[in-house]
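K.L.:
Here is the input, now give the coordinates:
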Amino acid sequence: MAAAAHNMAAAAHSMAAAAEHMLTPFMAGCRRIRQFASEHCLTDRPHSMLWLAKGYALAASMYASQIWGTRYMKQGAEMDCPLQTVHMCSLKGILGAKRTTLNWSVLRECGQEPLLFYWFRAAVRFYNALSIMLFAVIVARLPRSSRLILQ
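P.N.:
As a prediction, this is how the structure comes out:
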């Protein structure tokens, strides 16, 4: 019983570590956005910066989120992920808002959702793809006479 609890704690720790490791590509995406914006004189256009953030930084935060993001897919945990914290700081910086501004207000102003919603959608797509593959494997292993029933 104690070993099972230890394994669960270790798994939770490794999921948290995986989420923290996603900060590096996310920050690289944010740096690329700032670099692109300064090269093309877009720093004074928040709507352009937000559009770029959605394209670069959001895509960087999605890598393997179906696995490590599940820890944050529960009610009330929307802002618990360190990646979400950095994302909020980035959005507040783009808008020029104070750090004490409410996160939900900033998200609404930017027309974005918490990263959790994007991760949840990716997890559902991943699950559906696995279900379809599993069904195909089961059908392939059935005798031909049983396959006619499923069609």
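K.L.:
Let me know how buried residue 130 is, in neighbour terms.
P.N.:
11 (other C-beta atoms under 10 Å). Where C-beta positions appear, they are placed from N, C-alpha and C, glycine not excepted.
K.L.:
how much space between it and residue 124?
P.N.:
From residue 130 across to residue 124, the span is 11 Å (C-beta to C-beta, to the nearest Å).
K.L.:
what does residue 27 give?
P.N.:
Taking C-beta to C-beta, one finds residue 27 at 27 Å from residue 124.
K.L.:
ditto for residue 133
P.N.:
15 Å.
K.L.:
which residues touch the closest residue to residue 98 other than its chain neighbours?
P.N.:
Closest residue to residue 98 apart from its sequence neighbours, by C-beta to C-beta, 6 or more residues apart in numbering: residue 92 at 7.4 Å. By C-beta atoms under 8 Å, 6 or more residues apart in numbering, the contact list for residue 92 reads 98-99, 101, 106.
K.L.:
and these, which are buried?
P.N.:
Buried members of these, scored by 16 or more other C-beta atoms under 10 Å, are residue 106.
K.L.:
longest single helix anywhere in the chain?
P.N.:
The longest helix of the chain (DSSP state H) is helix 115-141.
K.L.:
Just the buried residues of that one, please?
P.N.:
115-116, 118-120, 122-123.
K.L.:
what's that helix packed up against?
P.N.:
With contacts taken as 3 or more C-beta pairs under 8 Å, 6 or more residues apart in numbering; DSSP states H and E, helix 115-141 sits against helix 46-61, helix 65-68, helix 82-95.
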